[in-house]
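Chemist: Sequence below, structure please.
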Amino acid sequence: MRKTALLQKLIHAPELLVMPGAFDALSARIVQEAGFPAVQCSGFAISVSRLGLPDYSFLSMSDMVAATQHIVDAVDLPVMADGDTGFGNAVNAWYAVKAFERIGCAGVNIEDQVMPKRCGHLEGKSIVPLDEAVQKIRACAEARTDLDFVINARTDALAVGGIEEVIRRGNAYLEAGATMIFVDGMTSRELARQAVQGIRGPVAINVVEGGRSPEAFTFEEMQRIGIARVSVPGTLMLAAIQGMRDALAALRANGYAGGPGARLADFREQLELVGFNEVFALEQRYLAGLQHPGTAR
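Modeler: Coordinates of the predicted model:
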């Protein structure tokens, strides 16, 4: 099955689709290893990991496409790109969809924030007028070559205009060709329920640890409410930051590598995760028997 069609199937299935956020090829492989069915690219984490800068539109379309290409190539799962605001107006968004589809993505997030955008769980957001946002979604939908390519229309209207504006925009984006409506910055279960009841199509949310998300909002609850998809964009980045801090603190405290407090993956498991076994097999197939000066035999 094409990855676009598979992502469509997962979105419309009765079961909640859980998509962890990846920020590079390694984190995407870990998502696949853990058994999740799809990968969500996290623009926030990609900006942090590639530039060491906030999610504030510092990454260009070319930067984001290049980062996403590595993620797509690393896994066999459908990958949803993070297209931010489309990197400009409706024309820019049209080209962005073309670029993400060309590298093998199964879908893309496009949001209605004013550029430069900011993380959906921060204060001070602004959104573009509805007619401008609708034209951007229309451009994205019409730019697709594969009609199963998912247009995940994100709205940040909850923090600006409340749930009524979220529902109004969500339905307008669906009419313009969106596949799913992503309500960012969801703050309560009741608001999530209202969004699902009022929006005439699949509804997505995200959960950010330490952000505006309701505490202990379980996947079981989300499925009962009728949410189609949830992304957890920050989990792997937050885990990586804390893991590296812990490892370096242990290194300094112990005076040697790998001591108490350093929670490290097994070296052999690392080799398997990134594909060394395949490299070794190819060496045996194509290089066995060849003699090279200086090679130990």
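
Chemist: what about the helix or strand harbouring Val72, average pLDDT?
Modeler: Secondary structure assigned from DSSP states H and E places Val72 in helix 61-74. In this model, helix 61-74 has an average pLDDT of 98.

Chemist: Residues contacting that helix, please?
Modeler: Helix 61-74 is contacted by residues 22-26, 28-29, 39, 41, 43, 46, 50, 59, 79, 81-84, 87, 92, 95-96, 99-100, 103-105 when judged by Cβ atoms under 8 Å, 6 or more residues apart in numbering. For glycine as for every other residue, the C-beta is placed from the backbone atoms N, C-alpha and C.

Chemist: per-residue confidence at Lys5?
Modeler: Residue 5: Ala, not Lys. 98.

Chemist: which residues touch the residue lying closest to it once chain neighbours are set aside?
Modeler: Nearest residue to Ala5, sequence neighbours excluded (Cβ to Cβ, 6 or more residues apart in numbering): Asp148, at 4.7 Å. Shown in contact with Asp148 (Cβ under 8 Å, 6+ apart): 2, 4-5, 7-8.

Chemist: Buried members of the residues you listed into PyMOL, please.
Modeler: Buried residues within the contacts of Asp148, by 16 or more other Cβ atoms under 10 Å, are selected in PyMOL with:
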select buried, resi 4+7+8
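
Chemist: Including secondary structure and distance to Asn206, could the contacts of Asp148 go into JSON lines?
Modeler: Below are these laid out as JSON lines (DSSP: H, G, I helix; E, B strand; the rest coil; distance: Cβ to Cβ, whole Å):
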{"residue": "Arg2", "secondary structure": "coil", "distance to Asn206": "25"}
{"residue": "Thr4", "secondary structure": "helix", "distance to Asn206": "21"}
{"residue": "Ala5", "secondary structure": "helix", "distance to Asn206": "24"}
{"residue": "Leu7", "secondary structure": "helix", "distance to Asn206": "16"}
{"residue": "Gln8", "secondary structure": "helix", "distance to Asn206": "20"}
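
Chemist: Among the contacts of Asp148, which one sits closest to Asp266?
Modeler: Leu7 (32.2 Å; Cβ to Cβ).

Chemist: how about that closest one, what does it touch?
Modeler: Listed by Cβ under 8 Å, 6+ apart, the contact partners of Leu7 are 38, 78, 80, 106-107, 148, 150.

Chemist: can you tell me which of the residues you listed are in strands?
Modeler: Judged by DSSP state E, strands contain the following of the contacts of Leu7: 80, 107, 150.

Chemist: how about the helices in this protein?
Modeler: Along the chain, counting by DSSP state H, helices occupy 3-12, 25-33, 43-51, 61-74, 90-102, 130-143, 158-175, 189-198, 219-225, 235-254, 267-274, 276-286.

Chemist: can you give me the offset of the longest one from its chain's centre?
Modeler: Counting by Cα atoms, centre = their mean, to the nearest Å, helix 235-254 is centred 23 Å from the centre of its parent chain.

Chemist: what does that helix contact?
Modeler: Here helix 235-254 makes contact (Cβ under 8 Å, 6+ apart) with 20-23, 27, 30-31, 42, 44-45, 48-49, 209-210, 257, 259-264.

Chemist: So for it, what gets flagged as buried?
Modeler: In helix 235-254, counting by 16+ other Cβ under 10 Å, buried: 235-237, 240, 247, 250.

Chemist: Does Arg200 touch Arg168 like I think?
Modeler: No. Contact criterion Cβ atoms under 8 Å: Arg200 and Arg168 do not qualify, at 11.6 Å.

Chemist: Ends of stretch 148-166, what's the gap?
Modeler: Start to finish, the residues bounding stretch 148-166 are 24 Å apart (Cα to Cα, to the nearest Å).

Chemist: what about that stretch, distance to the chain center?
Modeler: 16 Å.

Chemist: do stretch 39-56 as well
Modeler: 10 Å.

Chemist: picking up where we left off before, in JSON lines, list the contacts of Leu7 along with distance to Leu287 and pLDDT.
Modeler: JSON lines is the format used below for these (distance: Cβ to Cβ, whole Å; pLDDT from 0 to 100):
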{"residue": "Ala38", "distance to Leu287": "36", "pLDDT": "99"}
{"residue": "Pro78", "distance to Leu287": "35", "pLDDT": "99"}
{"residue": "Met80", "distance to Leu287": "39", "pLDDT": "98"}
{"residue": "Ala106", "distance to Leu287": "36", "pLDDT": "99"}
{"residue": "Gly107", "distance to Leu287": "40", "pLDDT": "99"}
{"residue": "Asp148", "distance to Leu287": "41", "pLDDT": "98"}
{"residue": "Val150", "distance to Leu287": "42", "pLDDT": "99"}
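
Chemist: Save those residues as CSV, and put in distance to Ile225 too.
Modeler: As requested, the contacts of Leu7 are arranged in CSV below (distance: Cβ to Cβ, whole Å):
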residue, distance to Ile225
Ala38, 20
Pro78, 23
Met80, 21
Ala106, 25
Gly107, 22
Asp148, 26
Val150, 21
